[in-house]
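In: For reference, the sequence and a predicted model appear below.
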Amino acid sequence: MKSTNVKAEKDLIEVLLALKDADECRRFLRDICTPKEIKDLSERWVVARMLDEGKLSYREIHAETGVSVTTIGRVARFLQQENYQGYRALIDRLKKK
């Protein structure tokens, strides 16, 4: 089963890389995700950017976004400590634009 999961993840990554523009990405997300999943992903991205700005506490971010303090803490951990550095790479790339 594990090799199936790895293959499925690899296939999904290839599909994401094949998206040509924002409209195609939006349409694909609406097909593959539930509205709640899109909302959750969007909120995590907003939280990551707010944390990167460093102006607000977790509680202030919660008050502004409604995202749980637990999720904010998880995003912060991935932004600052985890080896994946996905948030960091994209935030830094967007800052250069």
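Out: That came through, no problem. On a predicted model such as this, the values are computed, not experimentally measured, just so you know. Numbers count the residues shown, from 1 in each chain.

In: Domains in the chain, by residue range?
Out: Domain ranges of the chain: 1-32, 34-97, per automatic domain parsing.

In: and among those domains, the most buried is which?
Out: By mean neighbour count, with neighbours taken as mean count of other CB atoms under 10 Å, domain 34-97 ranks first of those at a mean of 13. (Each C-beta comes from the backbone N, C-alpha and C, glycine too.)

In: what's the first-to-last distance across that domain?
Out: Domain 34-97 has an end-to-end distance of 30 Å (CA to CA, to the nearest Å).

In: and it, average pLDDT?
Out: Domain 34-97 shows a mean pLDDT of 97 in the predicted model.

In: how far does it sit from the chain's center?
Out: Between the centre of domain 34-97 and the centre of its chain there are 7 Å (CA atoms, centre = their mean, to the nearest Å).

In: going forward, begin numbering at 2 instead of 1
Out: Let's use 2 as the start, then, which means that last one is domain 35-98.

In: what about the longest helix in this protein?
Out: What stands out as the longest helix in the chain, according to DSSP state H, is helix 36-54.

In: could you list every residue that touches residue 3?
Out: The contact partners of residue 3, by CB atoms under 8 Å, 6 or more residues apart in numbering, come to none.

In: ugh, wrong one, residue 32
Out: So residue 32 contacts nothing (CB under 8 Å, 6+ apart).

In: Does it lie in a helix or a strand, and which?
Out: helix 23-33 (DSSP states H and E).

In: okay, that helix in CSV with CA atoms only?
Out: Extracted C-alpha coordinates of helix 23-33, given in CSV (Å, rounded to 0.1, in the frame of the first residue of the first chain):
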residue,chain,number,x,y,z
ALA,A,23,-4.4,30.4,-12.5
ASP,A,24,-7.7,29.5,-14.2
GLU,A,25,-6.7,26.0,-14.9
CYS,A,26,-5.4,25.6,-11.3
ARG,A,27,-8.7,27.0,-9.9
ARG,A,28,-10.7,24.6,-12.0
PHE,A,29,-8.5,21.6,-11.0
LEU,A,30,-8.7,22.5,-7.3
ARG,A,31,-12.5,22.7,-7.5
ASP,A,32,-12.6,19.3,-9.2
ILE,A,33,-10.2,17.5,-6.8
